[in-house]
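>>> dropping the sequence and predicted coords here.
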Amino acid sequence: MYAVSSENKEITDKDVQNVFAAAKVRSVPPEREIISVIPEEFIVDGFDGIRDPRGMIGVRLELYASMITGPKTIIHNIKRCVEKAGLQIEDMVVQPLAISSVAMNKGERDFGTILIDMGGGQTSASVMHDDQLKFSFVDPEGGDLVTKDISIILNTTLENAERVKREYGYAISEDTSDEEFFPVETIGKEEPVKVDEKYLSEIIEARLVQIFENIKRALDKVEARDLPGGIILTGGAAALPGVVDLAKEIFEINVKLYIPEQMGMRNPIYATSIGLIKYVAGLDDIYRVAKGKVQTTGKVIPLQSKTVKQPTVIEEPVYETETYADEENYEESLVGKLKRWFNNLFE
Ligand SMILES: Nc1ncnc2c1ncn2[C@@H]1O[C@H](COP(=O)(O)OP(=O)(O)OP(=O)(O)O)[C@@H](O)[C@H]1O
Ligand SMILES: [Mg+2]
């Protein structure tokens with residue numbers, strides 16, 4: 001809660017910034033850092049549901065927001081990596097929110113839907129409900145471990161294992177044949193070894209089942225499988241054929257795959273990238289004011305912030321840092337980014 005400071009009690013950018021600052025004063029454990037404060041609604045003198053209170057007259061300005069925090073050391077290390085790569089961080093975006101902005105429609109975000117992002121190093125499950133990120137769980141196993149399993153079991157290099165996975169891999173062994181063979185270059189053998197499709201599929205399936213079972217246990221703790229939206233799978237590892245059917249078998253609810261529809265990006269591997277662009281492009285003025293991107297002067301007045309709820313339950317929140325450009329160059333840089341992307345794709 002914040003007392004509007006101007007003489008005529010008209011709420012300004014500065015008041016909005018101050019109410020955000022008051023929210024951030026709320027105690028965060030010393031080992032954690034605020035990643036993002038996402039405004040849900042403002043309340044002006046008891047009137048709720050206000051998206052942008054600027055220009056309204058009132059004496060009491062309250063804010064309901066989701067505050068997302070993460071471990072300080074991890075955030076520091078990620079920032080250092082990005083800076084060492086020669087990039088400047090403008091802001092951090094919570095990845096599941098970015099993906100949800102493209103992979104889910106408004107109804108799915110409101111009524112409750114699970115997003116499973118199957119990456120290389122990790123698989124994360126996030127629950128969107130009431131248009132907010134309500135729960136997040138990360139299993140530190142992803143597509144790269146599937147590749148590693150194949151490499152170890154078939155005695156082949158990681159490069160070969162990755163190629164074999166993409167060319168011949170299937171997520172459900174029952175649907176494959178042990179009479180279809182493909183050649184694999186094996187360490188210590190001069191001639192490629194013949195491996196059957198079913199054997200490869202069994203290796204892949206074992207890891208994927210383990211990942212999905214871990215996620216299912218985490219989701220069941222918050223009864224997320226009861227939500228009407230079901231599951232949306234995405235991320236590079238979800239490109240493996242059969243993965244949707246395997247997920248259906250294990251989670252026993254509706255599962256669909258999200259693939260970006262933009263030309264040249266029709267692969268779930270691009271879900272995060274396209275999601276970040278769309279999410280940042282869709283951020284409204286209030287978000288920028290809160291971030292202090294609209295210049296104002298004046299002292300921040302922290303007041304008790306008891307009305308700021310903390311609805312987000314984050315387990316192991318390791319979010320990627322992503323950058324976006326200055327407000328003025330914003331549109332331009334988005335176009336530039338997309339152009340670079342397409343150039344890379346067709347190189
Ligand atoms: N066609 C394909 N079939 C099977 N697996 C694939 C395919 N294409 C990509 N992958 C796998 O997807 C994974 C990379 O996915 P993605 O780019 O989403 O991960 P990331 O975002 O880099 O990693 P993380 O989310 O863990 O930080 C790799 O393990 C790769 O083997
Ligand atoms: Mg990823």
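Perfect, I can see it now. Ligands and ions are numbered 1, 2, ... in the order given.

>>> which non-adjacent residue is nearest residue 2?
In space, and not counting its chain neighbours, residue 2 is closest to residue 19: 4.1 Å by Cβ to Cβ, 6 or more residues apart in numbering. Just so you know, the C-beta spots here come from the backbone N, C-alpha and C atoms, and that holds for glycine as well.

>>> sec struct for the one you found, please.
Classification of residue 19 by DSSP: H, G, I helix; E, B strand; the rest coil places it in helix.

>>> what stretches of the stretch 151-300 of the chain score poorly on pLDDT?
293-300 (pLDDT under 70).

>>> which SSE is residue 292 in?
Using DSSP states H and E, residue 292 maps to neither a helix nor a strand.

>>> who are the contact partners of the closest residue to ligand 1 within the stretch 201-347 of the chain?
Of all residues in the stretch 201-347 of the chain, residue 236 sits closest to ligand 1, at 2.1 Å by Cβ to the nearest ligand atom. With contact taken as Cβ atoms under 8 Å, 6 or more residues apart in numbering, residue 236 is in contact with 118, 119, 120, 143, 267, 268, 269.

>>> ok, residue 226 next?
Under the criterion of Cβ under 8 Å, 6+ apart, residue 226 has no neighbours.

>>> state the phi and psi torsions of the residue of the stretch 201-347 of the chain closest to ligand 1.
Phi and psi for residue 236, reported as degrees, to the nearest 10, are phi -50, psi -40.

>>> could you do residue 176 as well?
phi -110, psi 170.

>>> now for the residue lying closest to residue 40 once chain neighbours are set aside, how many residues are close by?
Of all residues not flanking residue 40 in the chain, residue 64 sits nearest, at 4.5 Å (Cβ to Cβ, 6+ apart). By other Cβ atoms under 10 Å, the residues close to residue 64 number 16.

>>> cool, residue 194 as well?
Residue 194: 9 surrounding residues under other Cβ under 10 Å.

>>> which helix or strand lies directly C-terminal to the helix or strand hosting it?
Residue 194 belongs to strand 193-196 when assigned by DSSP H and E. Per DSSP H and E, strand 193-196 leads on to helix 197-221 as the next helix or strand towards the C-terminus.

>>> list the buried residues in stretch 115-135.
By 16 or more other Cβ atoms under 10 Å, the buried positions in stretch 115-135 come out as 115-119, 122-129, 132-135.

>>> give me the subset of the contacts of residue 236 that also touch ligand 1.
119, 120, 143, 269 (Cβ under 6 Å from any ligand atom).

>>> now do the SS call for the second one.
For residue 120, the reduced secondary structure class is coil; criterion used: three-state DSSP.

>>> surely it and residue 143 touch.
Yes: contact criterion Cβ atoms under 8 Å: residue 120 and residue 143 qualify, at 5.1 Å.

>>> residues from the stretch 201-347 of the chain in reach of ligand 1?
Checking the stretch 201-347 of the chain against ligand 1 by Cβ under 6 Å from any ligand atom, the hits are 235, 236, 237, 239, 240, 269, 272.

>>> would you state the helices of the stretch 101-250 of the chain in chain order?
106-111, 143-154, 158-168, 197-221, 243-251 (DSSP state H, counting those that start in this stretch).

>>> for the first one, name the packing helices and strands.
On a contact count with 3 or more Cβ pairs under 8 Å, 6 or more residues apart in numbering; DSSP states H and E, helix 106-111 meets strand 123-129.
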